[in-house]
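Q: sequence first, then the predicted structure, then my questions.
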Amino acid sequence: MASADQILPPFVTELLTALEIEDTPVDIDAVLGLAGVAAHGVVRPAAPVTTFIVGYAAGLAAATGQATPEAAMRAASRVAEEVVRRRPAVPET
């Protein structure tokens, strides 16, 4: 069976192409890291919600010329991680 490292990059490329945003840089490890921070720091469903909101905020910043796509994603991810870290610890289940 193929690993996530083998499956994700071609899937991301296919998805970017289907959405007609082929030139969009995607740091898969950074996205997964942010999802992990949200999942463990809030609740598991926070992972996709957080990554969606961060991507949306970064897209807006890049589209309006406030930052390059890479800088916008780093900044939005930093803000999200700070918000998660300010929350009270979630007990492990």
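A: Yes, it's here.

Q: my guess is Glu70 meets Pro25, correct?
A: Yes: with contacts counted by C-beta atoms under 8 Å, Glu70 reaches Pro25, the gap being 5.8 Å. Yep, even glycine has a C-beta here, placed from its N, CA and C like the rest.

Q: quick one, which of the two is more surrounded?
A: When Glu70 and Pro25 are compared for neighbours, Glu70 comes out ahead with 12 against 9, by other C-beta atoms under 10 Å.

Q: may I see the buried residues of the helix or strand harbouring the more buried one?
A: Glu70 belongs to helix 69-86 when assigned by DSSP states H and E. For helix 69-86, burial by neighbour count (16 or more other C-beta atoms under 10 Å) applies to 69, 72-73, 75-77, 80-81, 84.

Q: do the same with stretch 24-44
A: Applying 16+ other C-beta under 10 Å to stretch 24-44 flags 26, 31, 34-35, 37-39, 41-42 as buried.

Q: which of the residues you listed fall in helices?
A: 31, 34-35, 37-39, 41 (DSSP state H).

Q: now those in TSV, with distance to Ile53 and pLDDT?
A: Putting those into TSV (distance: C-beta to C-beta, whole Å; pLDDT from 0 to 100) gives the following:
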residue	distance to Ile53	pLDDT
Val31	12	95
Leu34	10	96
Ala35	12	97
Val37	13	96
Ala38	10	96
Ala39	14	95
Gly41	15	94
